[in-house]
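*Asks:* I need the structure of the sequence given here:
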Amino acid sequence: MQGPSRQVMHSRMVQVGEFYELEAGADIKNSPRYNEDIAPTKAAQRTWNRWNIAALWVGMAICVPTYMLGGILTAAFGLSVTEALWTILIANVIVLIPLTLNAFPGTRYGLPCPVVLRASFGIIGSNVPSLIRALVACGWFGIQTLFGGYAIHILLSVLFESWAALGQIGEVLGFFIFWFANIVVVIRGSESIKHLESLAAPMLLAVAAGLVIWAAPKVSISEVLSAPAVRPADASFWPRFGGALTAMVGFWATLSLNIPDFSRYARSQRSQVIGQIIGLPLTMFLFAGLGVIMTAASTELVGETISDPINLIGRIDSPFWVVLAMLVIILATISTNTAANIVSPTNVFQNVAPKYINENKGVILTGIIGIALMSWELLKKLGWLDTDVSIESLYSNWLIGYSSLLGPIAGIMVVDYFLVRKQHYDVPALYKDNAGYPAWHIPGFVAFLVPVALTLIAITSGRISWFYDYGWFTGSILGGIIYYLMCRSDAASR
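*Replies:* Alright, predicted model coming up:
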């Protein structure tokens with residue numbers, strides 16, 4: 001009787017091929033740090049092949065903010081079109097490094113991001129970096145929901161004159177229709193996200209090709225690419241390039257942290273690495289390039305410069321093509337929003353209180369915070385708030401700002417898993433208090449707070465401004481170095 005009882009009581013890890021699978025016993029199931037939704041995935045759940053992961057990235061990268069990136073870099077940073085496109089490509093090749101490296105523990109152990117962070121920040125301390133990531137995701141969720149709601153408004157306006165008469169009230173209603181659709185997809189689980197991304201990817205590529213065919217007769221691509229930069233003649237290129245590169249790395253700095261939330265479903269390490277290489281850099285480069293070309297062509301096409309595709313397509317004088325394009329844009333924005341902006345905070349909120357917040361409650365909480373963060377824009381559309389602040393004006397500073405916060409976390413995660421832990425976690429201990437990992441891991445917080453403090457000094461005093469301008473790079477490198485040295489010192493003193 002005693003042998004079987006011990007097997008039920010005590011959790012253990014079992015190796016299945018290149019994976020490790022947790023057999024959870026009563027010791028973990030009764031722990032306040034565990035629930036079924038943030039438990040490690042089983043080997044049978046790891047079904048995403050390289051094409052599923054590539055489709056995930058195509059679905060996330062083809063979205064309205066990506067389309068607008070080239071224009072943001074030319075307007076906010078003074079780069080030429082060609083310089084902007086090269087910046088986007090280089091940034092997404094760079095961000096592949098933390099993306100693929102931080103995906104490793106998710107693939108090997110089936111762990112979501114907040115549980116991975118328990119190793120480097122502590123069982124309780126993991127909530128701090130996790131909630132920072134979640135807040136950024138909720139902000140993006142609100143922005144993408146605004147775009148999706150606008151697409152729904154245009155679609156229904158084409159179909160129903162009575163809806164068109166609603167004006168901006170229709171946009172607000174579209175926001176909440178789109179919000180509900182996102183919530184439903186995520187509540188249905190990871191397989192629904194996988195199928196949505198696989199469906200969306202080819203359709204999105206087809207619409208992008210259609211836009212090129214539509215615009216090609218009215219725009220010279222060579223003229224667009226050869227247009228000079230709008231910056232003073234004596235202005236140096238490199239500081240502008242550095243700031244732009246940091247902003248573009250910041251665009252996916254979010255996913256470089258929570259990529260374990262998806263890699264935990266990958267069939268193998270090879271699948272996640274190859275899938276990300278196939279899906280991310282070229283898609284970002286081509287769709288951002290399309291945005292630059294279409295924005296340049298918009299004056300010829302519709303008589304004014306329009307920087308977002310929803311508004312531009314809404315001007316096409318063909319109800320059939322407008323309806324079809326809006327349906328695909330709605331699908332595209334749902335595929336981006338569910339994967340990039342809901343999955344992460346949902347896992348984060350569960351990590352805070354696993355016994356009280358399950359996956360469904362985490363999804364709803366994410367949605368409510370997303371509404372709250374965009375409430376100012378909704379109130380403006382309803383005419384209840386007067387402000388000149390626009391979504392577009394927030395992009396450049398926000399991208400650099402939050403990349404300065406997320407960079408140190410990414411560096412700490414990579415160093416912890418590969419150099420400090422040597423790719424080994426005591427997984428059962430990650431789900432319990434006082435079982436091998438501290439509640440608060442001091443090296444993680446020192447390594448995080450030092451770069452953040454230097455960033456604040458750079459912002460408030462104007463000194464060491466380069467530290468903020470290159471915030472993701474300076475933060476991730478310095479954070480990783482400090483963390484490694486402190487962990488070595490701790491180990492040597494024992």
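*Asks:* from here on, just use CA atoms for contacts and neighbour counts.
*Replies:* Will do.
*Asks:* ok so residue 383 is a strand residue?
*Replies:* No: Residue 383: not assigned to a strand; according to DSSP: H, G, I helix; E, B strand; the rest coil it is coil.
*Asks:* what's the first helix or strand after the top helix by length along the chain?
*Replies:* The longest helix of the chain (DSSP state H) is helix 127-159. Proceeding N to C from helix 127-159, the next assigned helix or strand is helix 161-164, under DSSP states H and E.
*Asks:* that following helix packs against which elements?
*Replies:* helix 127-159 (3 or more Cα pairs under 8 Å, 6 or more residues apart in numbering; DSSP states H and E).
*Asks:* show me the strands in the stretch 301-450 of the chain, by range?
*Replies:* Shown for the stretch 301-450 of the chain, no strands are assigned by DSSP state E, counting those that start in this stretch.
*Asks:* cool, the stretch 1-150 of the chain as well?
*Replies:* With DSSP E, counting those that start in this stretch as the criterion, the stretch 1-150 of the chain has strands spanning 12-16, 19-23.
*Asks:* okay, those, which one's buried deepest?
*Replies:* Neighbour counts (mean count of other Cα atoms under 10 Å) averaged over each of the strands of the stretch 1-150 of the chain peak at strand 19-23, with a mean of 19.
*Asks:* tell me what that one is packed against?
*Replies:* strand 12-16, helix 81-109.
*Asks:* out of those, indicate the one that is most buried.
*Replies:* helix 81-109 (a mean of 23).
*Asks:* how distant is stretch 297-312 from the center of its chain?
*Replies:* 27 Å (Cα atoms, centre = their mean, to the nearest Å).
*Asks:* state the mean pLDDT of that stretch.
*Replies:* Stretch 297-312 carries an average pLDDT of 81.
*Asks:* output it as CSV, nothing but the C-alphas.
*Replies:* This file holds the C-alpha atoms of stretch 297-312, laid out as CSV (Å, rounded to 0.1, in the frame of the first residue of the first chain):
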residue,chain,number,x,y,z
ALA,A,297,0.4,55.3,-53.7
SER,A,298,-2.7,56.5,-51.7
THR,A,299,-2.6,60.0,-53.0
GLU,A,300,-2.9,58.7,-56.6
LEU,A,301,-5.4,56.0,-55.6
VAL,A,302,-7.8,58.0,-53.4
GLY,A,303,-6.7,61.6,-53.5
GLU,A,304,-5.0,61.9,-50.1
THR,A,305,-2.3,60.3,-48.0
ILE,A,306,-3.6,57.5,-45.9
SER,A,307,-1.3,55.5,-43.7
ASP,A,308,-3.6,52.6,-42.5
PRO,A,309,-4.9,49.9,-44.8
ILE,A,310,-8.4,49.8,-43.3
ASN,A,311,-9.2,53.4,-44.2
LEU,A,312,-7.5,53.0,-47.6
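*Asks:* now residue 255: how far from residue 434?
*Replies:* The spacing between residue 255 and residue 434, counted by Cα to Cα, to the nearest Å, is 30 Å.
*Asks:* so for these two, which residue has more residues nearby?
*Replies:* residue 255 (26 against 11; other Cα atoms under 10 Å).
*Asks:* what about that one, which SS state?
*Replies:* Relying on three-state DSSP, one would call residue 255 helix.
*Asks:* was I right about it contacting residue 340?
*Replies:* Yes: the criterion here is Cα atoms under 8 Å, and residue 255 meets it with residue 340 at 7.0 Å.
*Asks:* can you list the helices and strands that the helix or strand containing residue 196 packs against?
*Replies:* Per DSSP H and E, residue 196 falls inside helix 190-215. If you count contacts as 3+ Cα pairs under 8 Å, 6+ apart, helix 190-215 packs onto helix 50-61, helix 168-187, helix 281-302, helix 319-337.
*Asks:* ok, now which ones touch residue 34?
*Replies:* 28, 354-355, 431-432 (Cα atoms under 8 Å, 6 or more residues apart in numbering).
*Asks:* dihedrals phi and psi, it?
*Replies:* Backbone torsions for residue 34, taken as degrees, to the nearest 10, come to phi -130, psi 140.
*Asks:* related to what we said a few turns ago, what comes up buried for the longest helix of the chain?
*Replies:* Within helix 127-159, the residues that count as buried by 16 or more other Cα atoms under 10 Å are 127-158.
*Asks:* that helix to helix 319-337, inter-axis angle?
*Replies:* 170 degrees (axes from the mean of the first three to the mean of the last three Cα atoms, to 10 degrees).
*Asks:* could I get the average pLDDT for helix 127-159?
*Replies:* On average, helix 127-159 scores 93.
*Asks:* and for stretch 96-104?
*Replies:* 97.
*Asks:* adding distance to residue 402 as columns, could you present the helices and strands packed on strand 19-23 in a markdown table?
*Replies:* As requested, those are exported to a markdown table (distance: least, Cα to Cα, whole Å):
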| stretch | distance to residue 402 |
| --- | --- |
| strand 12-16 | 36 |
| helix 81-109 | 15 |
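*Asks:* for these, which one sits closest to residue 226?
*Replies:* helix 81-109 (7.1 Å; Cα to Cα).
*Asks:* distance from the chain centre to that closest one, please.
*Replies:* With Cα atoms, centre = their mean, you get 12 Å for helix 81-109.
*Asks:* kindly report the same for stretch 201-210.
*Replies:* The answer for stretch 201-210 is 21 Å, by Cα atoms, centre = their mean.
*Asks:* contacts for it?
*Replies:* For stretch 201-210, using Cα under 8 Å, 6+ apart, the contacting residues are 55-56, 58-59, 62, 287, 290, 325, 328-329, 332.
*Asks:* do the same with stretch 267-285
*Replies:* 18, 46-58, 61-62, 66, 85-86, 88-89, 92-93, 96, 100, 103-104, 107-108, 263, 266.
*Asks:* same question for that stretch, mean pLDDT?
*Replies:* On average, stretch 267-285 scores 95.
*Asks:* any idea how far that stretch is from the chain center?
*Replies:* 15 Å.
*Asks:* cool, stretch 463-477 as well?
*Replies:* The answer for stretch 463-477 is 21 Å, by Cα atoms, centre = their mean.
*Asks:* list the buried residues for it?
*Replies:* 465, 467-477.
*Asks:* what's the answer for stretch 322-340, then?
*Replies:* Buried, per 16+ other Cα under 10 Å, within stretch 322-340: 322-323, 325-326, 328-340.
*Asks:* pLDDT averaged over that stretch - what is it?
*Replies:* pLDDT averaged over stretch 322-340 gives 86.
*Asks:* CA atoms of that stretch as CSV?
*Replies:* The C-alpha coordinates for stretch 322-340 follow below in CSV (Å, rounded to 0.1, in the frame of the first residue of the first chain):
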residue,chain,number,x,y,z
VAL,A,322,-14.3,46.2,-49.7
VAL,A,323,-16.5,43.6,-47.9
LEU,A,324,-14.1,40.8,-48.9
ALA,A,325,-11.0,42.7,-47.8
MET,A,326,-12.6,43.8,-44.5
LEU,A,327,-13.5,40.2,-43.7
VAL,A,328,-9.8,39.2,-44.2
ILE,A,329,-8.5,42.1,-42.2
ILE,A,330,-10.9,41.2,-39.4
LEU,A,331,-9.6,37.7,-39.5
ALA,A,332,-6.0,39.0,-39.7
THR,A,333,-6.4,41.2,-36.7
ILE,A,334,-8.1,38.5,-34.6
SER,A,335,-5.2,36.1,-35.4
THR,A,336,-2.7,38.7,-34.3
ASN,A,337,-4.6,39.8,-31.2
THR,A,338,-5.4,36.3,-29.8
ALA,A,339,-1.9,35.0,-30.2
ALA,A,340,0.2,38.1,-29.4
